[in-house]
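Colleague: Below is the sequence, then the predicted model.
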Amino acid sequence: MGATGKFRRYLPGPDHPPVQGIASQDAYSHGDLVQAIPHIREMLYDFPQRTLAEPFRGITCDGTVRKNLFVLEPNGAPVEAMTHAARAILALATADELQKIRRPIDSEQWRKWSNPEFYVFRDTLRMEEHGQKLRDAILNLLQASMSPNGFAKAVACMRINHFLGELVGAPKVLNQYSYNFCLFGEPSLTEPWGWQYFGHHLCLNCFVVGRSMTISPTFMGAEPNEIDVGPYAGTTVFRDEESVGLQLMQSLTKEQKDRAQIYKLMKDPAMPEGRWIFSDQRHLGGCYRDNYVIPYEGVLASEMTKAQQRSMVDLVGAFIEYLPAAPLAARLAEVERNFDETYFSWIGAYGDNDVYYYRIQSPVIMVEFDHHSGIFLCNSEPERFHIHTLVRTPNGNDYGKEWLRQYRGR
């Protein structure tokens with residue numbers, strides 16, 4: 001499906017609060033201004049400071065971390081290409097740039113990624129402030145670490161972010177290079193290391209040790225989820241996550257649908273306090289939620305037909321298609337082994353043109369899809385052209401932390 005341009009009816013005027021005065025701002029002045037607003041400061045600074053002070057445990061379903069779920073074994077990571085690309089960055093960077101890039105393997109920086117455009121934690125390398133050669137070298141590392149489709153999706157998110165900046169007159173706040181990058185550890189064929197790349201609607205955390213790799217947590221989103229003019233016209237994202245998720249829900253029996261649909265409305269009066277918040281809306285695994293308790297909800301995958309289970313695997317595959325082929329196959333096999341504890345839940349209606357949220361959650365993976373209301377665009381209700389997607393590894397292996405513990409134990 002190509003671009004539709006449906007978002008254009010919601011383009012903001014200059015008095016729309018999120019864009020008021022933004023044309024004269026850059027990432028620094030914009031971040032300083034919004035941090036002066038109490039409720040935004042709480043979201044961007046005070047809340048992160050409290051959660052980062054907690055020792056990392058990982059997302060759980062009940063507050064207890066399950067043990068022995070993640071075995072450190074080779075999964076086919078393309079470590080030679082990754083290491084070569086990472087070393088090229090270090091060789092190209094100046095001393096000042098290296099200071100911004102380099103972090104120890106167990107740095108607190110792992111947990112400081114965030115999706116909003118607000119520039120809060122400013123101690124890593126900001127892509128837009130550096131030359132094209134270094135930016136290309138960093139993107140070469142992403143490309144070496146990801147599948148072709150996954151890298152293309154990441155680049156599409158960056159281009160759409162630039163397109164959004166053009167739409168709302170904020171090119172110094174929202175652009176293709178308004179992203180932050182750092183390297184953890186020493187790039188190596190055998191020792192643990194990793195990288196982080198994050199900014200508005202694109203957050204990637206990659207950990208590798210030997211031939212084992214994971215990219216988690218991951219946040220990919222878009223507002224709008226398409227480009228309809230210019231050199232990248234026709235770019236769209238998240239069509240598979242949207243359509244396959246809806247098809248799976250529609251294929252359930254009525255009794256299964258009733259159990260899967262935990263709330264009928266996207267902002268349902270039956271929701272407990274805190275279940276819907278403006279910044280995250282329905283999704284639960286966003287930034288600074290590393291230790292969040294998220295109970296299982298919905299219908300079990302083990303109760304589905306073989307065809308539905310195959311659709312669920314395909315759906316998870318659409319979320320984690322950023323992994324290279326061998327790590328992707330290993331990850332999907334891990335998901336299938338846990339079907340007895342894999343839950344599918346849904347919020348909203350499920351007609352062909354409806355908006356909705358869904359989550360797939362098991363001991364080893366959690367993915368979320370959410371149609372959002374506007375932030376920069378003016379739609380007060382969720383629309384299909386603003387989408388957030390999330391991937392988490394529960395029970396302690398976000399950022400590869402459980403693998404790092406096992407490696408050190410050996």
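Modeller: Structure received. Numbers count the residues shown, from 1 in each chain.
Colleague: Select the longest helix from this protein.
Modeller: helix 148-168 (DSSP state H).
Colleague: For that helix, what is the distance to the chain centroid?
Modeller: 14 Å (Cα atoms, centre = their mean, to the nearest Å).
Colleague: List the buried residues for it?
Modeller: Across helix 148-168, burial judged by 16 or more other Cβ atoms under 10 Å covers 150-165, 167-168. All C-beta spots, glycine's among them, are computed from the backbone N, C-alpha and C.
Colleague: Give me the neighbour count for the closest residue to residue 22 other than its chain neighbours.
Modeller: Excluding its sequence neighbours, the residue lying closest to residue 22 (Cβ to Cβ, 6 or more residues apart in numbering) is residue 170, at 4.4 Å. The number of residues packed near residue 170 is 24, by other Cβ atoms under 10 Å.
Colleague: show me where the protein has strands.
Modeller: Under the criterion DSSP state E, strands of the chain are mapped to 102-103, 125-126, 179-185, 193-199, 202-209, 212-222, 261-263, 299-300, 343-348, 356-361, 366-371, 387-392.
Colleague: Just give the strands next to the third one in its sheet, each with its orientation.
Modeller: Next to strand 179-185 in the sheet, as set by DSSP bridges, lie strand 102-103 (parallel), strand 125-126 (antiparallel), strand 193-199 (antiparallel).
Colleague: picking that back up, wait, doesn't the residue nearest to residue 22 sit right on residue 23?
Modeller: Yes - between residue 170 and residue 23 there is a contact at 6.4 Å, judged by Cβ atoms under 8 Å.
Colleague: Show me where the stretch 251-400 of the chain has its helices.
Modeller: Using DSSP state H, counting those that start in this stretch, the helices of the stretch 251-400 of the chain run over residues 254-260, 306-319, 325-337.
Colleague: looking at those, which is closest to residue 49?
Modeller: helix 306-319 (29.8 Å; Cβ to Cβ).
Colleague: Need the residues that contact that closest one.
Modeller: 218, 240-241, 244-245, 247-248, 251-252, 301, 304, 328, 332, 335-336, 339, 342, 344, 360, 365, 367, 389, 391 (Cβ atoms under 8 Å, 6 or more residues apart in numbering).
Colleague: picking that back up, in CSV: the strands paired with strand 179-185, plus distance to residue 139.
Modeller: Below are these laid out as CSV (distance: least, Cβ to Cβ, whole Å):
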stretch, distance to residue 139
strand 102-103, 18
strand 125-126, 13
strand 193-199, 9
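Colleague: how about the helices in the stretch 51-200 of the chain?
Modeller: Going by DSSP H, counting those that start in this stretch, the stretch 51-200 of the chain shows helices at 79-92, 95-101, 132-145, 148-168.
Colleague: Reformat the ones you listed into JSON lines and put distance to residue 68 and mean pLDDT next to each item.
Modeller: Output for the helices of the stretch 51-200 of the chain, formatted as JSON lines (distance: least, Cβ to Cβ, whole Å; pLDDT from 0 to 100):
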{"stretch": "helix 79-92", "distance to residue 68": "25", "mean pLDDT": "98"}
{"stretch": "helix 95-101", "distance to residue 68": "35", "mean pLDDT": "98"}
{"stretch": "helix 132-145", "distance to residue 68": "27", "mean pLDDT": "98"}
{"stretch": "helix 148-168", "distance to residue 68": "29", "mean pLDDT": "98"}
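Colleague: out of those helices, which comes closest to residue 229?
Modeller: If we rank the helices of the stretch 51-200 of the chain by Cβ to Cβ, the stretch that ends up nearest is helix 148-168, at 8.5 Å.
Colleague: quick one, that closest one and strand 387-392 angle?
Modeller: Note on geometry: by axes from the mean of the first three to the mean of the last three Cα atoms, to 10 degrees, helix 148-168 and strand 387-392 are set 140 degrees apart in direction.
Colleague: got the angle between helix 148-168 and helix 325-337?
Modeller: Interaxial angle of helix 148-168 relative to helix 325-337 (the same axes, to 10 degrees): 90 degrees.
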